[in-house]
Each structure stands twice: as structure tokens, then as C-alpha cells.
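A.B. asks: Compute the structure for the input listed below.
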Amino acid sequence: MTTSGPKPGQEHVLQCQPIVLFDGECSLCNASVNFIIARDGRKRFRFAAIQSAIGHRLLEQHGLPDSEQSTVVLIEGQRAFTRSTAALRIVRWLRWPWPFLFALVVIPRLVRDPLYALIARNRHRWFGRSASCRVPNPELRERFLEEPK
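C.D. replies: Residues are numbered from 1 along each chain as shown. Purely as a prediction, here's the structure:
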């Protein structure tokens, strides 16, 4: 797979700001992105659909298979987190009271991830599926990473 680099100015974002990769065709995932945006007062997070070229490239860079479309992926610096760990690491940066949930990280992943997997397996049936990936409105466009055209 050959892809070009990020848009000019996005190189810094790819190295410094946390990036949330999400299933752009999943209604629950899109609602989760909206939830994060509404509670991310400092606009820390950047977003990319896993199905996008940049999503595939970021998965590849972090040694994650393309099949990770059933999970949220959080990239912080040089590390990538998936499933419940990604979700918990995301909430710790949101406005109060959401960081309080980060305390659940003390529960072993062996216990947390099966619950996450149950929701992930059924997300399309329970919450629906979009016909296409999310297209951000103009005011949010800078928070979504995309490949140059």
C-alpha cells in the first residue's frame, strides 16, 4: 500500500497530539467522536476514520492489523492503545466528571476487554451503520486528519 504523507502542517499533529482512530461507518463510533469533541475543551484530540488512507497508515506504523476496525485506537506519541484501554485513556483528558472513569484502568484488561468486545461485536446491530465515513463540518475539519488530494 502506497500512501502519500499528511497534509502540510499535519506532521506535527501526528507526532504530538493524541489521535483517535474510529470506525467511520459505525453510528456508535461517530456518536463517540461527537461525545469526545463536545467534552474536549482544549481541542487536544485529532480524529481519523480507520477506513481512511491515513487510518490504514497509522495502523501500519503502530503494528496493528487492518482488522482493528472493531475497536477504537488511541495514538499518543509513539504508542497505540486499543479497546477499553484506549477508551479509558481518552476520558482522562475530557472535562470533569469524565476523567473520574480513568480509575477503572485498575481493573485488569482481561476483565475490561471482554465487555468492550461484546459491545464492539454488536455495535452495528444495536446502534446502526452509516453508508459512508463521517465528513466533518467546516468548523471541525482541522481536527480530522486526511491525506492530501
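A.B. asks: Secondary structure element for the closest residue to residue 104 other than its chain neighbours, which one?
C.D. replies: The shortest distance from residue 104 to any non-neighbouring residue, by C-beta to C-beta, 6 or more residues apart in numbering, is to residue 88 (5.9 Å). (C-beta placed from N, C-alpha, C; glycine too.) Here residue 88 sits within helix 83-91, counting by DSSP states H and E.
A.B. asks: Can you name the next helix or strand after that helix?
C.D. replies: helix 109-127.
A.B. asks: thinking again about what came up before, run through the neighbouring helices and strands of the helix holding residue 88.
C.D. replies: strand 73-76, helix 109-127 (3 or more C-beta pairs under 8 Å, 6 or more residues apart in numbering; DSSP states H and E).
A.B. asks: which one of these is the most hemmed in?
C.D. replies: When neighbours are counted by mean count of other C-beta atoms under 10 Å, the highest per-stretch mean among the helices and strands packed on helix 83-91 falls to strand 73-76, a mean of 21.
A.B. asks: Go ahead and measure how far that strand is from the middle of the chain.
C.D. replies: Centroid separation for strand 73-76 versus its chain: 7 Å, with C-alpha atoms, centre = their mean, to the nearest Å.
A.B. asks: okay, the angle between the host helix or strand of residue 33 and helix 83-91?
C.D. replies: Counting by DSSP H and E, the element that carries residue 33 is helix 27-39. Going by axes from the mean of the first three to the mean of the last three C-alpha atoms, to 10 degrees, helix 27-39 is angled at 20 degrees with respect to helix 83-91.
A.B. asks: please renumber so the chain begins at 59
C.D. replies: From this message on, residue numbering opens at 59, which makes the last subject helix 85-97.
A.B. asks: Restricting to C-alpha, output the helix or strand that helix 85-97 is followed by in CSV.
C.D. replies: Heading C-terminal from helix 85-97, the first helix or strand you meet, by DSSP H and E, is strand 104-107. Extracted C-alpha coordinates of strand 104-107, given in CSV (Å, rounded to 0.1, in the frame of the first residue of the first chain):
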residue,chain,number,x,y,z
ARG,A,104,-7.5,14.7,16.3
PHE,A,105,-9.5,12.1,14.5
ALA,A,106,-9.3,9.8,11.5
ALA,A,107,-11.5,7.0,10.2
